[in-house]
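Enquirer: Next comes the sequence, and after it the predicted model I'd like to discuss.
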Amino acid sequence: MHRFYKFRILPLLIFVMPLFSLSQTVNILPLGNSITQSNNEHYSYRYPLWTQLIDAGLDFNFVGSLTSNYGGTPVYPPYNGQNFDQDHEGHWGWRCDQILNGLPNWLPNYTPDIALIHLGTNDLYQGSGNAQNIAETIDELKDIITLLRNDNPDVIILLATLIPSTNPLLVGKISSFNSSIPQIAVDMYNPDSPIIIVDQYDGFDAANDTFDGVHPNENGEVKMAVKWKEAIVNAMGSGLRMNLKIFLEGPFNGIEMETDIAGEIPLMQPFSDSPWNYQGGEILSALPAETVDWILVELRDTTSANLADASVVRATKACLLTSEGHIVDTSGSSELFFDVEISNDLFVVVFHRNHLPVISSGALQKSGDIYTWDFTTDASQALGSSDALKQLAGGYFGMYAGDMNGDGFINSTDYSAVWTASAGGAGYLQADCNLDSKAGNKDKNDFWIINNGKFSLVP
């Protein structure tokens, strides 16, 4: 166990409430296979991660039933007067089903607060890598998460995409498998036990960052450690978790929103141009299932929605909108995090590329340590009520469609400058108000004509 000055690094979230008690030592479980364990000639990512967490001033404790590497343990140098915490749950050559069978024997001896999961490589190598093999492995990962949650209902799951490999038997399988990982966070959403996707694939060069095409060398270990550390610091930092829900009029079908445009949605956030001019670097390695489109979320810090103009913007983030109306971050988690302090009440503005933006009519509500706002339940949830939110089928409410140029007004310019230029086209188009990947008369007649004259009431 290691005790240090806590939170020496400023948190990456809004300073409202810590995810852990400031007096709590956080148990971190490195859970995986040989990539987590490593061998007698290599440290594994665990050692550079350990040193980085020490430098971050965090109070943590690695847990696990193992303390050795495969074939023997290398000599780990002390760091800042501390000896390396060798506890881990990395098992050389093991598949997910073997980890699943082992957890009931291991968990009585420790309770993780954070689990670092990098699993699936052996399942793909030993299996066919076809859709059935991948689906079975994903199901086993879900079962592993369920066991961890049964042990600790508040456990935070840091679920990694697999690092790449030069092994020709694994290259294509890993890409297919990684594309299925983000959906786990959506399917198993639980506000008390968030699943945060850690992209270990991106930026990892299997040719230069492994010693055998599969297992990380020193460079690869450091790369993995950096990504784990960033995710852990976020989880251990103080701050706000936010859960937002909203519907778009265009793709709404009476129950949820259609995802017809999924194949056209860019992996890079689309708000970098005018009128949004947002320069955030949000990018996806794969689009999670049930994604409707990108959404831009803005936090404003003031005492009243009427006073929440651009001068009080504290943070902005590009996020994803699911078919059920949840605004999620690019990891697939429904909790959003922002790097800013607030001094008054918190109001949220939601932008979409062809729907009128809205702002919460009141300060965000706090439930436990999560701030929530649901725009779908009543027009009064937005400043301006029915002038800001449109009543949809089923008694729900959503953002007005038809603001094709995103300027906050539904007017003749949307028709003359945007719709006429795109009519008859297909793809990711501003004139595609119902998000079916086509721009045509339905977008003009069902949305622009009906909503013409409406404008945003965001200050």
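Expert: Done, it's in. Numbers count the residues shown, from 1 in each chain.

Enquirer: right, and Val349 touches Thr302 too?
Expert: No - using C-beta atoms under 8 Å, Val349 is not in contact with Thr302; the gap is 11.7 Å. Glycine gets a C-beta too; all of them are placed from N, C-alpha and C.

Enquirer: got any residues that touch both of those two?
Expert: Ala308 (C-beta atoms under 8 Å, 6 or more residues apart in numbering).

Enquirer: what is the rounded mean pLDDT of stretch 423-431?
Expert: For stretch 423-431, mean pLDDT rounds to 97.

Enquirer: Count residues in the vicinity of Cys104, would you?
Expert: Just to correct that, residue 104 is Pro rather than Cys. 11 (other C-beta atoms under 10 Å).

Enquirer: ok, the closest residue to it other than its chain neighbours - contacts?
Expert: Leaving aside its sequence neighbours, Pro104 sits nearest to Leu147 (C-beta to C-beta, 6 or more residues apart in numbering; 7.1 Å). Going by C-beta under 8 Å, 6+ apart, Leu147 touches 100, 103-104, 107.

Enquirer: Rank the helices and strands of the protein by mean pLDDT and give me the bottom one.
Expert: strand 365-367 (a mean of 80; mean pLDDT, DSSP states H and E).

Enquirer: pull the CA atoms of the longest strand anywhere in the chain into PDB?
Expert: Ranked by residue count, the top strand of the chain under DSSP state E comes out as strand 291-302. The C-alpha trace of strand 291-302 is given here as PDB (Å, rounded to 0.1, in the frame of the first residue of the first chain):
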ATOM      1  CA  THR A 291     -25.200   6.300 -32.100                       C
ATOM      2  CA  VAL A 292     -27.500   8.900 -33.600                       C
ATOM      3  CA  ASP A 293     -25.000  11.700 -34.200                       C
ATOM      4  CA  TRP A 294     -22.500  14.000 -32.600                       C
ATOM      5  CA  ILE A 295     -23.700  16.600 -30.000                       C
ATOM      6  CA  LEU A 296     -21.900  19.600 -28.600                       C
ATOM      7  CA  VAL A 297     -22.400  20.200 -24.900                       C
ATOM      8  CA  GLU A 298     -21.500  23.500 -23.200                       C
ATOM      9  CA  LEU A 299     -21.500  24.400 -19.500                       C
ATOM     10  CA  ARG A 300     -22.300  27.800 -18.300                       C
ATOM     11  CA  ASP A 301     -21.700  29.100 -14.800                       C
ATOM     12  CA  THR A 302     -24.100  31.800 -13.500                       C
END
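
Enquirer: Okay, now the unreliable bits of this structure?
Expert: 1-23, 237-240, 331-334, 339-341, 368-369 (pLDDT under 70).

Enquirer: So the chain: which segments form each domain?
Expert: For the chain, automatic domain parsing gives the domain ranges 26-236, 241-451.

Enquirer: Please render the ones you listed as a markdown table that adds distance to Leu457 to the earlier fields.
Expert: Below are those laid out as a markdown table (distance: least, C-beta to C-beta, whole Å):
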| stretch | distance to Leu457 |
| --- | --- |
| domain 26-236 | 29 |
| domain 241-451 | 3 |
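
Enquirer: Give me the contacts around the least confident helix or strand of the chain.
Expert: Strand 365-367 is contacted from outside by 371-373, using C-beta under 8 Å, 6+ apart.

Enquirer: From Asn306, how far out is Ser361?
Expert: Remark: distance between Ser361 and Asn306 (C-beta to C-beta, to the nearest Å) = 10 Å.

Enquirer: Spit out the residues that contact those two alike.
Expert: Shared contacts of Ser361 and Asn306 (C-beta under 8 Å, 6+ apart): Leu383.

Enquirer: So between those two, which is more surrounded?
Expert: Using other C-beta under 10 Å as the criterion, Ser361 and Asn306 rank with Ser361 on top: 22 against 13.

Enquirer: That's all I had, so thanks and see you.
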